[in-house]
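>>> fold the following, please.
(one chain, ligands or ions: 1)
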Amino acid sequence: MEVRKNGLYKDEQAVTVVSMAMKRSGMELLDVVKEFFSLQTVAVGFFIGLLTYQLYNKLKYKSPPGPWSLPLIGNYKRKCPSKAVFLNSLDVVIEAMVKKKSDFADRPRTKSGDMFSDGGKGIAFSPYSATWKFQKKVAGKALRYYMLGSRLEDMVNDVCGKIFERMSQEKEPFYVNEYTGKIVIHVLFNMCFGQKCDLDSKDVARILKLDEEIVERFNSGFIEDLIPGITYVYKTMKWRELEDLADELLTFIRKEVQKHKDTFEESNIRDYTDSILMARAEAETQERVEDVAMLTDVYIVQIIADIFLGGLETTMMTLDWFMAFMVAFPEYQEQCQAEIDQALGKGKSPSASDRNNLCFTEACMMETMRKGSVAAIGIPHYTICDSSVGGFDIPKGTMVFNNYWALHNDSNFWKDVDKFDPYRYLTKDGKMDMKPESWLPFSAGRRVCLGEPVARTELLLIAANMLQNFNFKTSSGVKHKVTTKFNAPGNELPEPHKVIIEKRN
Ligand code: HEM
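Residues are numbered from 1 along each chain as shown. Coordinates of the predicted model:
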């Protein structure tokens, strides 16, 4: 029998001694490790690591010139922690957007964009993918279908007629954008959901209000886009409001899609929503399983939401600018009216087929889009691979902005760049000239605006209706000078200005 010491057998004693020694040395080791890796040391090490990585990238890539920046923090003055490149001239915009094909065609993912697009579904916020390509094709076809025949012009003329009845009651100076905004929302609403809503429709008013509130919040940005993880810990009031607004807008569209599904007839395509449902029905009939999967209800709701998010504010703001310029330049207003009277005669409403005879009015609209920046830096792009532009390297995962404002104010392309001059777009005999290269309010390349054909026709029809029916004058009687008001980064509006109107015979 082995002797027990302290109640333990010999082997147990040995193990205990070893383990105590280990414990002591382990604790010391832990202290040493703790001391070595104190929080500060880890932080400094991490920072040096990032700096080294940044330096490595600086040596690896020939980056475009720009301000210095610190890892993670970025450039504090510019308040942007991500790498971003601005393309400020036509050659680099065309190189990146058109010549480099898909290199620059992705979108950066943001927390707010994800919220509206259900994690990148639909078109505007979607990453560059086969799904995006297919959906943009389907949506483009649906818009073209809508524009066939006289549907768009009937809708514009009908809404304008109703709005003008109310507008002609204005006896005091008033803000004309309260009426033009209503025209645009009614046209888009009717285009999507096919109903000729009365002007006091609560649904239309609510969508307009939702749009205003969403845009207002987007304009000032979200901390959640800079620190996406923060929402798991704390949600700011603005973020919670945005969640509610997005939910209300998408729930509304979901209900409309359901109503359309319940009453859908292939032989009677009523509107844009029906056209998208038709694309799904065709894919089902032809057993194109992958296409059907890209047109689930969730995707369809997002494709329709894109029309409101992409088309409403931009079109309304363009009309704000147009009216501001027409009031500021009565001579151009009169010239448009003379052209409209000659093209349409008395009492006939404008139609898309009158376009060739409304060149001066269209030129005024094009000049409006050059001078009034409604989407001056568009929607950010993102590189899907290492690429280059203008002789500089642009690594994969870089945010890229097209600076349309710079293109529209480049004196290499525009003579008397500050002047509002519709003649830039016209030939000597007053016909539409070739589109100036540096006129790109709708962008170019793969991500070009989906709604350009609709927006241009709709804007011209609304403008022609307005000027055919009314004279717009400054309320003070003094020549009005258009002054601009900052609205959001890349987005300016004309300073609100009251007008008076005279009904034209
Ligand atoms: C004056 C009116 C408008 C202007 C100035 C405008 C301008 C733009 C711009 C600059 C872009 C970004 C393009 C890019 O990322 O390179 C864009 C994208 C888009 N626009 Fe418009 N837009 C207008 C009206 C509309 C309308 C009426 C609709 C819908 C009917 C629409 C739907 C879209 C969509 C869905 C996108 C995203 C395209 C994509 O990501 O592939 N827009 N628009």
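
>>> what's the nearest residue to residue 342 if we skip its chain neighbours?
Leaving aside its chain neighbours, residue 342 sits nearest to residue 357 (7.4 Å; criterion: Cβ to Cβ, 6 or more residues apart in numbering). Backbone N, C-alpha and C define where each C-beta goes, glycine included.

>>> show me what contacts the one you found?
Residues in contact with residue 357 (Cβ atoms under 8 Å, 6 or more residues apart in numbering) are 339, 342, 343.

>>> work out for me the element the second one sits within.
Take DSSP states H and E as the rule and residue 342 turns out to sit in helix 330-344.

>>> and that helix, what does it pack against?
Judged by 3 or more Cβ pairs under 8 Å, 6 or more residues apart in numbering; DSSP states H and E, helix 330-344 is in contact with helix 297-328, helix 359-371, helix 452-469, strand 470-474.

>>> returning to what we had before: of the contacts of residue 357 - the most surrounded one?
residue 339 (21 neighbours; other Cβ atoms under 10 Å).

>>> how much space is there between the nearest residue to it once chain neighbours are set aside and residue 374?
Of all residues not flanking residue 339 in the chain, residue 360 sits nearest, at 4.8 Å (Cβ to Cβ, 6+ apart). Residue 360 sits 22 Å away from residue 374, going by Cβ to Cβ, to the nearest Å.

>>> try residue 298
30 Å.

>>> hang on, the earlier thing: the contacts of residue 357 into TSV, with extra columns for pLDDT?
As requested, the contacts of residue 357 are exported to TSV (pLDDT from 0 to 100):
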residue	pLDDT
339	98
342	97
343	97
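
>>> just name the closest of the residues you listed to residue 154, please.
residue 343 (18.1 Å; Cβ to Cβ).

>>> just to check, residue 176 is in contact with residue 494?
No: assessed by Cβ atoms under 8 Å, residue 176 is found out of contact with residue 494, at 10.9 Å.

>>> can you tell me which helix or strand of the chain has the lowest average pLDDT?
Every helix and strand of the chain was ranked by mean pLDDT, DSSP states H and E. The lowest is helix 10-36, at a mean of 53.

>>> same question for the helix or strand just after that one, mean pLDDT?
Of the helices and strands lying after helix 10-36 in sequence (DSSP H and E), the nearest is helix 39-60. What helix 39-60 shows for mean pLDDT is 76.

>>> do stretch 136-149 as well
On average, stretch 136-149 scores 93.

>>> which residues touch the helix holding residue 342?
The set of residues external to helix 330-344 that reach it, using Cβ under 8 Å, 6+ apart, is 325-327, 350, 354, 357-361, 364, 420, 422, 463-464, 467-468, 471-473, 504.

>>> low-confidence ranges, the protein, go.
1-30, 32-37, 68-82 (pLDDT under 70).

>>> which residue is the nearest non-sequential neighbour of the residue of the chain found nearest the ligand?
Nearest residue of the chain to the ligand: residue 451, at 2.1 Å (Cβ to the nearest ligand atom). Once flanking residues are discounted, residue 451 sits nearest to residue 311: 4.8 Å by Cβ to Cβ, 6+ apart.

>>> how about that neighbour, what does it touch?
Applying Cβ under 8 Å, 6+ apart, the residues near residue 311 are 188, 451, 454, 455.

>>> that older thread, can you lay out the helices and strands packed on helix 330-344 as JSON lines showing distance to residue 383?
As requested, these are exported to JSON lines (distance: least, Cβ to Cβ, whole Å):
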{"stretch": "helix 297-328", "distance to residue 383": "22"}
{"stretch": "helix 359-371", "distance to residue 383": "27"}
{"stretch": "helix 452-469", "distance to residue 383": "24"}
{"stretch": "strand 470-474", "distance to residue 383": "45"}
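
>>> closest one to residue 53 among the ones you listed?
Among these, if distance is taken as Cβ to Cβ, the winner is helix 297-328, at 36.0 Å.

>>> the closest one versus helix 452-469: what angle between them?
40 degrees (axes from the mean of the first three to the mean of the last three Cα atoms, to 10 degrees).

>>> counting contacts, what elements does whichever strand or helix holds residue 137 pack onto?
Per DSSP H and E: residue 137 is located in helix 130-147. In terms of contacts (3+ Cβ pairs under 8 Å, 6+ apart), helix 130-147 is packed against helix 272-285, helix 297-328, helix 452-469.

>>> Throw those into a markdown table and include distance to residue 235, thanks.
Shown next, in a markdown table, are those (distance: least, Cβ to Cβ, whole Å):
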| stretch | distance to residue 235 |
| --- | --- |
| helix 272-285 | 32 |
| helix 297-328 | 22 |
| helix 452-469 | 35 |
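
>>> near the ligand, which residues of the protein are found?
By Cβ under 6 Å from any ligand atom, the part of the chain that sits against the ligand consists of 123-124, 136, 306-307, 310-311, 314-315, 318, 374-375, 378-379, 441-443, 447, 449-451, 454-455.
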